[in-house]
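Visitor: fold the following for me, if possible:
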Amino acid sequence: MLQFIFSDLSAAHTAFAIGIALLAGFVKGATGFALPMIMVSGLASVLPPETAIAAMIVPTILSNLWQSLRGGGISQALELSGRFKIYIATLLVFIVLSAQLVAALPQNVLLLSLGLPIIAMALLLLRGRTIYIDPSKRGGYDFGVAAVSGIIGGLSGIWGPLTITYLTAINTPKKEQIRLTGVIFGMGAVTLALAHLGSGVLNAQSLRLSVFMVVPVLAGQTLGNVVQDRLDQQRFRRVTLFVLVVAGLNLVRRGLM
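Guide: Coordinates of the predicted model:
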């Protein structure tokens with residue numbers, strides 16, 4: 001079966017690909033994000049980039065569905081989504097609009113413009129600095145941050161780190177942040193799947209690989225959830241910020257390359 005799915009890979013590279021999926025699922029389970037970043041970056045070292053992107057689509061959809069419903073039901077996920085409806089709606093609209101301009105700006109400029117501010121903000125928060133946003137004015141901040149995140153996301157395909165940085169900065173409770181990012185990232189993953197069914201990136205061969213990758217990803221996510229449950233709010237915040245620094249450095253690396 002593995003030879004049928006990984007027909008172009010050696011046994012060592014197949015084991016490596018499965019290990020990357022396990023790691024991505026583990027980090028996803030512990031922090032609630034970084035699954036696509038880890039899977040695409042890791043798998044692209046042994047697979048064509050478009051195949052690496054396709055491989056993470058089905059696991060991303062299912063892992064975010066699980067994440068959004070874990071610890072509560074559909075009603076709780078919908079209630080939380082309603083409280084952040086401005087952010088979610090603005091993000092999705094600007095992703096669609098800016099995706100039409102994907103050829104207008106160099107990708108390295110976009111990656112650097114996203115990575116450097118994320119590193120700076122995460123390091124600032126790791127030093128203990130706080131950012132206070134008046135709840136009565138949060139609607140404006142939701143719109144502004146989501147618009148920037150959506151523009152960059154539509155152009156580069158990356159909108160998760162900025163979203164996580166903002167939710168961390170406004171001290172979103174751990175369980176709410178996990179559930180909310182599951183909803184946001186799940187919607188984005190479905191949109192991405194539909195787009196790549198049309199582009200041909202997600203085809204019969206790559207879909208088999210993507211479905212297979214669900215197993216190691218969810219296994220890793222199960223282990224990561226155990227870690228997440230043991231983290232109090234402060235430790236969860238610090239782990240999240242540390243992963244954001246790593247994510248930002250990876251974006252800068254890609255931008256420079």
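
Visitor: convert the strand or helix carrying Gly82 to CSV, retaining C-alpha atoms only.
Guide: Assigned by DSSP states H and E, Gly82 belongs to helix 74-83. The C-alpha coordinates for helix 74-83 follow below in CSV (Å, rounded to 0.1, in the frame of the first residue of the first chain):
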residue,chain,number,x,y,z
ILE,A,74,-21.2,22.7,17.3
SER,A,75,-23.2,25.2,19.3
GLN,A,76,-20.1,26.4,21.3
ALA,A,77,-18.1,26.7,18.1
LEU,A,78,-20.9,28.7,16.4
GLU,A,79,-21.2,30.9,19.5
LEU,A,80,-17.5,31.7,19.6
SER,A,81,-17.5,32.3,15.8
GLY,A,82,-20.3,34.8,16.2
ARG,A,83,-18.2,36.8,18.7
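
Visitor: starting at the chain centroid, how far to it?
Guide: Per C-alpha atoms, centre = their mean, to the nearest Å, the displacement of helix 74-83 from the mean C-alpha position of its chain is 20 Å.

Visitor: go on, stretch 48-57?
Guide: With C-alpha atoms, centre = their mean, you get 14 Å for stretch 48-57.

Visitor: now that stretch: buried residues?
Guide: For stretch 48-57, the neighbour count (16 or more other C-beta atoms under 10 Å) marks 50-57 as buried. Bear in mind the C-beta positions are built from the backbone N, C-alpha and C, glycine included.

Visitor: give me the residue ranges of the protein where confidence is low.
Guide: 1-9, 71-72, 99-105, 107, 110, 129-132, 135, 154-158, 199 (pLDDT under 70).

Visitor: picking up where we left off before, can you tell me what sits against the helix holding Gly82?
Guide: By C-beta atoms under 8 Å, 6 or more residues apart in numbering, the surrounding residues in contact with helix 74-83 are 68-69, 88, 176, 179-180, 182-183.

Visitor: just the buried ones from the residues you listed?
Guide: Counted by 16+ other C-beta under 10 Å, the contacts of helix 74-83 give 68-69, 88, 179-180, 182-183 as buried.

Visitor: show me which residues of stretch 160-179 are buried.
Guide: Buried residues in stretch 160-179, defined by neighbour count with 16+ other C-beta under 10 Å: 160-170, 172, 174-175, 177-179.

Visitor: send me it as PDB with only the CA atoms.
Guide: Output of stretch 160-179 as PDB, limited to C-alpha atoms (Å, rounded to 0.1, in the frame of the first residue of the first chain):
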ATOM      1  CA  GLY A 160      -2.300  31.700  10.300                       C
ATOM      2  CA  PRO A 161       0.600  33.300  12.100                       C
ATOM      3  CA  LEU A 162      -0.800  36.800  12.100                       C
ATOM      4  CA  THR A 163      -4.100  35.500  13.300                       C
ATOM      5  CA  ILE A 164      -2.500  33.600  16.200                       C
ATOM      6  CA  THR A 165      -0.300  36.600  17.100                       C
ATOM      7  CA  TYR A 166      -3.400  38.800  17.400                       C
ATOM      8  CA  LEU A 167      -5.400  36.300  19.400                       C
ATOM      9  CA  THR A 168      -2.400  35.900  21.800                       C
ATOM     10  CA  ALA A 169      -1.900  39.600  22.100                       C
ATOM     11  CA  ILE A 170      -5.500  40.200  23.200                       C
ATOM     12  CA  ASN A 171      -5.200  37.400  25.800                       C
ATOM     13  CA  THR A 172      -7.800  35.100  24.300                       C
ATOM     14  CA  PRO A 173      -8.300  32.200  26.700                       C
ATOM     15  CA  LYS A 174      -6.600  29.000  25.700                       C
ATOM     16  CA  LYS A 175      -9.600  26.900  25.000                       C
ATOM     17  CA  GLU A 176     -11.300  29.700  23.100                       C
ATOM     18  CA  GLN A 177      -8.200  30.400  21.000                       C
ATOM     19  CA  ILE A 178      -7.800  26.700  20.100                       C
ATOM     20  CA  ARG A 179     -11.500  26.400  19.100                       C
END
